[in-house]
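Asks: Sequence below, structure please.
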Amino acid sequence: MRRWPVILLALTLPMPAFAESLSGNFLAQVVKTSKPHRDSLNALIRGRQGIPTWVRNMIVADNYITLASEQKDVEGKPMQLFPACQFKRCDESAIRLLYSADGKHVVMRIQDNALGVVFLGDPTPQEKAALQPLPIQ
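Replies: Below is the predicted model of the structure:
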């Protein structure tokens, strides 16, 4: 019977950040609730010219479509991949964001009919590979 207080205490302790899933999250909610994610994305896109307006405004206006995140292991580290696209223009303007598990590092791949493919955040070759969209089969 003495085990109950220990079990209850263990259940009330906060979960460490690494225990949270990097899959199944939505970008707008993560940016809204996580300061590191918001700050790193803001630093990546603030004042940037040559990117679609919807991308530049995505922190203040979540008028884009995103799928749930998926965990990718890059260079032996777990990372979080978010695909997103402009509302009603997914075939014409889309992005893929790759965040470190703590949200402090982010790189982005923009694919836009008018701009072509643009990478932000100086991704490593392995990060670039993780940012590539899967071929349609």
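
Asks: those helices in the protein, which residues are they?
Replies: For the chain, applying DSSP state H gives helices covering 3-12, 27-33, 35-45, 53-56, 125-131.

Asks: what's across from the nearest residue to F119 once chain neighbours are set aside in the sheet?
Replies: Distances taken as CB to CB, 6 or more residues apart in numbering place R109 nearest to F119, at 5.6 Å, with adjacent residues excluded. Backbone N, C-alpha and C define where each C-beta goes, glycine included. With DSSP bridges as the criterion, the beta-bridge partners of R109 are R96, F119.

Asks: Can you give me the pLDDT of R109?
Replies: Looking at R109, its pLDDT reads 97.

Asks: Over to V31?
Replies: pLDDT for V31: 93.

Asks: right, and it touches R38 too?
Replies: Yes - the criterion here is CB atoms under 8 Å, and V31 meets it with R38 at 5.1 Å.

Asks: More neighbours: the two, which one.
Replies: V31 (22 against 15; other CB atoms under 10 Å).

Asks: hang on, the earlier thing: let me have the helices of the chain in JSON lines, adding distance to F87 as columns.
Replies: JSON lines is the format used below for the helices of the chain (distance: least, CB to CB, whole Å):
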{"stretch": "helix 3-12", "distance to F87": "41"}
{"stretch": "helix 27-33", "distance to F87": "12"}
{"stretch": "helix 35-45", "distance to F87": "18"}
{"stretch": "helix 53-56", "distance to F87": "8"}
{"stretch": "helix 125-131", "distance to F87": "21"}
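
Asks: right, and those - which one's nearest N113?
Replies: Closest to N113 of the helices of the chain is helix 53-56 (CB to CB; 13.2 Å).

Asks: returning to that earlier point: which among the helices of the chain is found nearest to G103?
Replies: With CB to CB as the measure, helix 35-45 is the member of the helices of the chain nearest G103 (3.6 Å).

Asks: All set, thanks.
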